[in-house]
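Peer 1: sequence plus the predicted model coming up.
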Amino acid sequence: MINQRITKLRQLMKERGIDLYIIPTSDFHQSEYVGSYFEARHYMSGFSGSAGTLIVRQEEAYLWTDGRYFIQAEKELAGSCIQLMKMRTPGVPTIKEYVEKYPEATIGFDGRVMPYNQCLFTNTIQANEDLVDLIWQERPELSHEEVYLYDTKYCGASRKEKLEIIREEMKDAKYHLVTTLDDIAWIFNIRGNDVLCNPVALAYALIEKEKAYLYLRKEAVSQEVIDELLKDQIKVKDYFDIYEDVKNINGKVLLDTKSVNYTLVNSINIDNVIDQTNPSQLLKSIKNDTEIKATKDAHLHDGIAVTKFMYWLKTNIGKIEMDELSISNKLLEFRKQQPNFKDISFTTICAYRENAALMHYHPTEKQYSKVEASHLLLIDSGGQYLTGTTDITRTFVLGEMTLEERKDFTIALKAMFRLQNAHFIEGVTTGANLDILARGVIYDYDLDYRCGTGHGVGHFLNVHEGPNGLRPKSLYGHEACIVPGMITTDEPGVYVEGSHGIRHENELLCVKHIENEYGTFLKFEPITYVPFDIAGLDLDYLSNHEIASINEYQQYAFDHIKDALTQEEKDWYLNNLFIK
């Protein structure tokens with residue numbers, strides 16, 4: 001079936017004189033996760049991971065993806081004509097390097113799903129047609145779920161206040177074009193449900209000095225919302241009107257070519273473009289006092305749900321039949337019992353034994369594994385609450401373990417705590433500086449993990465948010481210093497193909513520590529309130545200080561959630577979750 005689709009694409013390319021066609025994993029807004037309408041790369045390649053780019057020529061087809069998905073991609077591409085390109089591995093060209101091998105080739109792509117800065121080819125470009133749309137006969141329709149207003153009691157700042165700050169940041173620009181969905185949701189205090197697990201609406205925004213235009217699916221927005229936005233000089237227009245309106249821009253426009261699509265930028269006089277990161281990216285990453293208080297409430301209730309689930313899992317394993325899918329559904333049941341719960345924040349990763357070596361594996365109705373009373377179960381999950389967004393990973397011990405599993409379990413937790421307990425200087429410490437604190441522990445055992453150590457988290461928004469993150473090299477085009485108010489995950493791991501995968505994850509709030517003659521020192525406050533399953537630890541790999549630190553955290557989590565636990569759950573916690 002995949003090969004037939006590639007054959008059809010090649011025929012369409014030939015008819016149009018296109019030599020090389022690019023299909024990214026993206027929507028019109030360069031979102032990390034996309035709605036079903038935008039799953040063109042998945043449809044054409046069969047690869048279901050959240051990151052990847054398919055390139056098709058008449059002679060060959062390749063799929064590029066990163067280290068999180070190497071194992072998964074090999075399985076899902078098997079039997080097709082598509083070959084895997086393992087990004088950032090020796091001998092593998094980047095997409096740019098590959099395209100540059102064919103300087104005379106005419107390149108085709110849908111210009112709405114490619115960011116402008118990735119389209120700076122010297123080749124002839126055809127970007128005005130979505131060829132996949134001509135092949136995908138039963139393509140889902142473009143989402144238009146209800147758009148609703150987000151109350152300032154949860155976010156602490158009105159859209160008017162946010163627009164005032166952004167207009168100051170615009171400086172000499174007459175316009176600011178924003179196309180990233182989480183930025184738009186944050187600026188205008190709106191939310192939606194057009195992207196799975198992300199409470200955002202399909203939208204564009206054009207901000208001027210005195211007024212602003214918000215481009216939404218008309219069928220998704222009520223008159224009440226339109227009237228409320230108009231009070232702040234925000235006019236709602238039809239979603240697709242932006243493509244004509246940008247042609248009338250007659251002054252300097254601030255936009256980010258890393259996120260604004262090719263078609264939009266190509267419609268503007270390039271001399272008028274001020275190419276900068278959206279001011280809202282940094283602004284929304286630094287949570288205000290209201291957001292911090294609210295997100296701690298979200299984590300409190302999430303902690304209650306996950307700890308109750310942990311008790312259920314540990315006391316029932318081996319007594320009742322379990323599989324990855326039923327366990328995922330059980331965890332969702334516990335979350336649904338909590339106030340303000342709206343949705344999960346990403347597809348739950350529930351991975352038993354060797355499945356956990358696939359970093360972003362998740363069970364489906366068609367593919368899942370039975371879970372037995374032995375070895376390890378990794379669950380990476382999160383919730384979307386009106387009060388905030390959560391992301392937590394725990395690796396559970398279900399029975400007998402190998403010595404290698406026990407070692408890896410311990411050093412991964414050792415690495416996580418090394419970072420969680422860090423002190424660092426304000427103003428000069430980036431995520432790349434901090435990444436090595438966790439990764440270095442893994443390096444000490446001649447191991448590594450092919451992903452970042454952590455990422456920023458939105459406030460009832462996307463679970464992955466920049467510019468803050470913990471990785472050797474920034475994803476966001478510049479290195480952001482970690483500053484008070486930022487929330488970042490801490491999730492090192494060890495992954496052994498065919499055997500096991502282990503990850504431990506807390507969310508950390510950056511706070512001030514002390515000021516002295518060397519400057520202002522910062523530290524992290526964990527805002528995840530769920531114990532670790534210490535049954536997997538090999539104490540020979542831990543110092544007395546590390547053991548004390550783990551026990552302190554277990555007590556810290558208990559103190560936050562104990563009032564919501566039954567007596568049986570409390571007794572189990574106190575008897576089983578502290579290192580004696």
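Peer 2: Thanks, I have the structure now.

Peer 1: next one: Ile514 from Gln420, what distance?
Peer 2: Going from Ile514 to Gln420 by C-beta to C-beta, to the nearest Å gives 18 Å. Placement of C-beta: from N, CA and C, glycine included.

Peer 1: buried residues, stretch 311-329. List them.
Peer 2: 311-314, 317, 322-328 (16 or more other C-beta atoms under 10 Å).

Peer 1: and which of the residues you listed is nearest to Phe47?
Peer 2: Closest to Phe47 out of the buried residues of stretch 311-329 is Glu324 (20.4 Å), distances taken as C-beta to C-beta.

Peer 1: next helix or strand past the longest helix anywhere in the chain?
Peer 2: Using DSSP state H, we find that the single longest helix of the chain is helix 289-316. Next in sequence after helix 289-316, counting helices and strands by DSSP states H and E, comes strand 322-323.

Peer 1: list the helices and strands that following strand packs on?
Peer 2: In terms of contacts (3 or more C-beta pairs under 8 Å, 6 or more residues apart in numbering; DSSP states H and E), strand 322-323 is packed against strand 370-371.

Peer 1: let me see the mean pLDDT of the strand it packs on.
Peer 2: Mean per-residue pLDDT for strand 370-371: 98.

Peer 1: that strand packs against which elements?
Peer 2: strand 322-323.

Peer 1: for the helix or strand just after the strand it packs on, name the packing helices and strands.
Peer 2: As assigned by DSSP H and E, the chain's next helix or strand after strand 322-323 is helix 324-336. Using 3+ C-beta pairs under 8 Å, 6+ apart as the contact criterion, the elements in contact with helix 324-336 are helix 289-316, strand 341-344, strand 349-352, strand 376-381.

Peer 1: between the longest helix of the chain and helix 324-336, how big is the angle?
Peer 2: Here helix 289-316 runs at an angle of 130 degrees relative to helix 324-336 (axes from the mean of the first three to the mean of the last three C-alpha atoms, to 10 degrees).

Peer 1: buried residues of helix 289-316, list them for me.
Peer 2: 291-292, 294-314.

Peer 1: for that helix, the distance to its chain's centre please.
Peer 2: 20 Å (C-alpha atoms, centre = their mean, to the nearest Å).

Peer 1: what about that helix, average pLDDT?
Peer 2: The average of the pLDDT scores along helix 289-316 is 99.

Peer 1: just the element for Tyr21, please.
Peer 2: For Tyr21, the host element (DSSP H and E) is strand 20-23.

Peer 1: with Val56 instead?
Peer 2: Element membership of Val56 [criterion: DSSP H and E] is strand 53-57.

Peer 1: which SSE is immediately downstream of that strand?
Peer 2: strand 61-65.

Peer 1: just checking, what packs against that following strand?
Peer 2: With contacts defined as 3+ C-beta pairs under 8 Å, 6+ apart, the packing partners of strand 61-65 are strand 53-57, helix 70-77, strand 82-86.

Peer 1: let's have these in TSV, adding mean pLDDT, distance to Leu12 and mean neighbour count.
Peer 2: Shown next, in TSV, are these (pLDDT from 0 to 100; distance: least, C-beta to C-beta, whole Å; neighbours: other C-beta atoms under 10 Å):
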stretch	mean pLDDT	distance to Leu12	mean neighbour count
strand 53-57	98	10	22
helix 70-77	93	22	18
strand 82-86	98	17	18
